[in-house]
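**Student:** Here is a sequence with its predicted model. Questions after.
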Amino acid sequence: MKPRIHLICNAHLDPVWLWEWEEGAAEAISTFRVAAELCEADYGFIFNHNEAVLYQWVEEYEPSLFARLQELVRAGKGHVMGGWFLQPDCNMPSGESFVRQIVVGRQYFRDRFGVEPTTALNLDPFGHTRGLVQLLAKSGYDSYLFCRPAQHDCPLPNYEFRWVGYDGSEVLASRCLDWCNSPLGKARQKVEHQLADFPAQDFCYLLWGVGNHGGGPSKKDVEDLTALIAETTDFEIRHSTPEAYFAELACKRDTLPTHAKDLNSWAPGCYTSQVRIKQRHRLLENELYSRRLGIHRSGSSQNFTRGRVVSTQHTAVHAEASNLCNRFGVFLTFASICATEKMVTTAALQGLTDYPRADLATAERDLVFSEFHDILPGSSIQPVEDMSLRGMDHGLEILSRVKARAFFALASGQPKAREGEIPVLVYNPHPFKVKAVVECEFQLPDQNHSGTFVNFAAHQNGKPLPSQVEKELSNIALDWRKRLAFTAELQPSQMNRFDCLPEVLPAKPKPQLKAVNGRLRLLQRRAAPAPDALARLLSPSRRCQRDPAARPVLPAYRSGRTAVPVLAQRRTRFRAADACGPRSVGQEREAHGAVFLPLRRGRATRARSAPQRQYRSTQRPQASRRRRRVRRPAVQPDGEQTHDDGRRAIAGGEAEADVGRLRDSVAAPRPEPEDALRRGSAGAAGVVRHAVATDRVSPPPSSASASSGT
């Protein structure tokens, strides 16, 4: 039997990247139109394409062309591959988001074309999490095709292998030998190059077609390949599909090596680029379906009796206001942990409201589109960033209205409030108890000009809860607006009610502070940590921070948002010499607290692999009078270079510092951060703060740690 090459024609088309979506839609129509003409010309050619979003654009903007594509798929001249909504980033979305990519895409292709692909492919994403394997195997996929990362970024034993998931499930996987595109009119040359380097096996595959900005097959490429197929006698060259190739590969499954890790990574700079997109995406995920334990959501309610309006931080909902009158009027605040789908499902199953299928589908589409591999990683142009933020805000706005309707329905039937109470309603959509810090804001019945202070405490079933009144969001210097935080355990899948009771104090409480060496420090020093990972930092019997913990590293990458590695082997330019200093804790409160971690600064090691001896420092004009550290290297006995604490004043604009000749000395040991804080020396510490729920914590070291840190 002759060795076979499966020619898989595709047209890699990014919906957005260096262009906006309107241009992507126009290019999709053009690409599909050319492909349809070539398929109908009966060259024996098969056009493969994936991504439901592109087919949707063709269906909406050129229905006649879409009907031709449907007929070509039925005739076997067109092939739907992949079957996802689009090619998303394959590292940052949650597992549920990957499921939605699959479900939305496969449902579309099942309804419009009657097909269900069994080979998933993500050719252009920058890396692939191992968690995909389990999702693929349980979604009806048996194989996976990808291009990135290449061998020098992610070494693999073979380009064909069995990818093993965390639960032991497997799919056949293959990394493209030579990218998924071919230059215009150069498809024959790519195939001939493949024939010259044909691997020592019975079959292989090759992806071809003009890509990135669409294009796909050209008439010249199809004619050249038709001639090559007729001329070649030593090999069997056939137009094919990914499923046909993996069907052959499955016959030698037992001989393939296994890979039980992620497939990462390429362009690591994309995981920090355009951070607003990443934050908004996570917020939309949480609002739609994800867990978000301990997060408050609250809104506004109307006083139908007196016409007052009270709002908490986010969502407006209330329940039977006429039954909750008290001497303050009707003041209701509400909270919910984000998971709108669960909330509306519960309300619909109880017959309280209709299920908003269309609204949820629209918000879901906004989410899955935002996960495209040039949007979520932040590798697109700024207009695309702006477009994606608008799209996610669109989904968030829809969900806020859907959630409000469901919350109104679920909050119905609440008993009448007692005199002076302000009810707070919190819905837990999860099927398990959740311990959370609930934050809400509400209004006093009138402006308090008496000089007294109205304090509040939350109660549940008559029992007081750890509560504290915090600074409200407004900046009006008047005791009128209130912000209350309290810890509570929320019962699963139901509305939880908390009653806030007022207490009038003679004056606003003041923190118990005293001056220590010209700085302020809390009088009391105590800690009552909860048994969780963050609280263990406060435990005097457990030391969690050890060298070289929390050591910052500056890798040597090219500039730009993708941060492509400079060489095949990544190099480290700078590495901090010391770990973070000893921990200290501060801000003792009933519901909220903070952990203060001093960060050392000063000596840093420079890796020997760094070739440069100069670097540039840029400073903004408004900071021109500040002093900037310029580190000069010194030789350590082991050959590494360290940097002392030399300083140099730099005026505005840019300045270059020549590192100069190496000194044959070792920097003197630096003082511990606590000693440095007491003396106010150059070893001053920065501060890292982490919120600690339900913990009482001891005070921060001193205000100097916040003012003199890096």
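**Tutor:** Great, that's in hand.

**Student:** Could you check the pLDDT of the residue lying closest to residue 227 once chain neighbours are set aside?
**Tutor:** Spatial nearest neighbour of residue 227, excluding adjacent residues (CB to CB, 6 or more residues apart in numbering): residue 188 at 7.8 Å. Every C-beta, even on glycine, is put in place using the N, C-alpha and C of the backbone. On the pLDDT scale, residue 188 is placed at 89.

**Student:** Going by contacts, tell me the helices and strands next to the lengthiest helix in the chain.
**Tutor:** Taking DSSP state H as the criterion, the chain has its longest helix at helix 382-410. Helices and strands in packing contact with helix 382-410 are listed as helix 275-288, strand 333-336, helix 340-349, helix 357-370, strand 422-428; criterion 3 or more CB pairs under 8 Å, 6 or more residues apart in numbering; DSSP states H and E.

**Student:** out of the ones you listed, nearest to residue 397?
**Tutor:** The closest of the helices and strands packed on helix 382-410 to residue 397 is helix 357-370. By CB to CB, the value is 8.9 Å.

**Student:** between the closest one and helix 382-410, what angle do the directions make?
**Tutor:** Using axes from the mean of the first three to the mean of the last three CA atoms, to 10 degrees, the interaxial angle of helix 357-370 with respect to helix 382-410 works out to 150 degrees.

**Student:** sorry, back to before: other residues contacting the helix or strand hosting the residue nearest to residue 227?
**Tutor:** In this assignment (DSSP states H and E), residue 188 forms part of helix 187-196. Counting contacts by CB atoms under 8 Å, 6 or more residues apart in numbering, the residues outside helix 187-196 that touch it are 5, 7, 177-178, 182, 204, 206, 208-209, 217, 221, 224-225, 227-228, 232, 235, 237.

**Student:** Quick one, which of those residues are buried?
**Tutor:** The neighbour-count test (16 or more other CB atoms under 10 Å) applied to the contacts of helix 187-196 identifies 5, 7, 182, 204, 206, 208-209, 217, 221, 224-225, 228, 235, 237 as buried.

**Student:** pLDDT score assigned to residue 599?
**Tutor:** According to the prediction, residue 599 has pLDDT 46.

**Student:** Ok, residue 191 next?
**Tutor:** Residue 191 carries a pLDDT score of 86 in this model.

**Student:** In a strand, residue 502, correct?
**Tutor:** Yes. With DSSP: H, G, I helix; E, B strand; the rest coil as the criterion, residue 502 is located in a strand.

**Student:** Near it, how many other residues are there?
**Tutor:** Residues contacting residue 502 under the criterion other CB atoms under 10 Å number 14.

**Student:** isn't it right up against residue 454?
**Tutor:** Yes. Counting by CB atoms under 8 Å, residue 502 sits close enough to residue 454 to count as a contact (5.2 Å).

**Student:** and the gap between residue 428 and residue 105?
**Tutor:** With the distance defined as CB to CB, to the nearest Å, residue 428 ends up 32 Å from residue 105.

**Student:** same deal with residue 425?
**Tutor:** 38 Å.

**Student:** for residue 170, same thing?
**Tutor:** The value you get for residue 170 to residue 105, if CB to CB is used, is 22 Å.

**Student:** So these two - more neighbours on which side?
**Tutor:** Neighbours per residue (other CB under 10 Å) separate residue 170 from residue 105, with residue 105 holding more: 24 against 20.

**Student:** pretty sure the more buried one is in contact with residue 87, am I right?
**Tutor:** No. Counting by CB under 8 Å, residue 105 does not reach residue 87; the two are 10.3 Å apart.

**Student:** Now for the two: what residues contact both?
**Tutor:** Common neighbours of residue 105 and residue 87, using CB under 8 Å, 6+ apart, are residue 51.

**Student:** Longest strand in the protein, please.
**Tutor:** strand 434-448 (DSSP state E).

**Student:** Give the buried residues for it.
**Tutor:** Of the residues in strand 434-448, those buried by neighbour count under the rule 16+ other CB under 10 Å are 434, 436, 437, 438, 439, 440, 441, 442, 443, 444.

**Student:** Can I get these in a markdown table including distance to residue 100 and pLDDT?
**Tutor:** Formatted as a markdown table, the entries for those read as follows, by distance: CB to CB, whole Å; pLDDT from 0 to 100:
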| residue | distance to residue 100 | pLDDT |
| --- | --- | --- |
| 434 | 23 | 91 |
| 436 | 26 | 90 |
| 437 | 29 | 93 |
| 438 | 29 | 94 |
| 439 | 30 | 93 |
| 440 | 31 | 94 |
| 441 | 33 | 94 |
| 442 | 36 | 92 |
| 443 | 39 | 90 |
| 444 | 44 | 90 |
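
**Student:** In these, find the pair that's most separated.
**Tutor:** Comparing all pairs in the buried residues of strand 434-448 by CB to CB, the longest separation belongs to 434 and 444, at 29.5 Å.

**Student:** Report how many residues lie close to residue 501.
**Tutor:** Here the neighbour count serves as a burial measure; for residue 501 (other CB under 10 Å) it reads 16.

**Student:** Please name the bridge partners of it.
**Tutor:** Each beta-bridge partner of residue 501 is listed here, defined by DSSP bridges: residue 457.

**Student:** Now do it against residue 216, distance only.
**Tutor:** 69 Å.

**Student:** cool, and residue 365?
**Tutor:** To residue 216, residue 365 is 25 Å away according to CB to CB.

**Student:** Show me which of the two is the more surrounded one.
**Tutor:** Applying other CB under 10 Å to residue 365 and residue 216 shows that residue 216 carries more neighbours, namely 24 against 18.

**Student:** Backbone dihedrals for the closest residue to the more buried one other than its chain neighbours, please?
**Tutor:** Leaving aside its sequence neighbours, residue 216 sits nearest to residue 11 (CB to CB, 6+ apart; 2.8 Å). Backbone torsions for residue 11, taken as degrees, to the nearest 10, come to phi -130, psi 90.

**Student:** about what we covered before: so which of the buried ones among the contacts of helix 187-196 sit within strands?
**Tutor:** For the buried ones among the contacts of helix 187-196, secondary structure assignment (DSSP E) places 5, 7, 204, 206, 208, 237 in strands.

**Student:** Farthest pair within these?
**Tutor:** Comparing every pair within these by CB to CB identifies 204 and 208 as the most remote, at 13.1 Å.

**Student:** what residues are up against residue 253?
**Tutor:** So residue 253 contacts 162, 172 (CB under 8 Å, 6+ apart).

**Student:** Could you measure from it over to residue 162?
**Tutor:** Remark: distance between residue 253 and residue 162 (CB to CB) = 7 Å.

**Student:** between the two, what contacts are shared?
**Tutor:** Here residue 253 and residue 162 have residue 172 as joint contacts, going by CB under 8 Å, 6+ apart.

**Student:** for this protein, what spans make up the helices?
**Tutor:** Using DSSP H, the helices assigned to the chain run over residues 21-40, 52-61, 63-74, 95-113, 132-138, 187-196, 219-231, 242-249, 275-288, 340-349, 357-370, 382-410, 673-679, 704-707.
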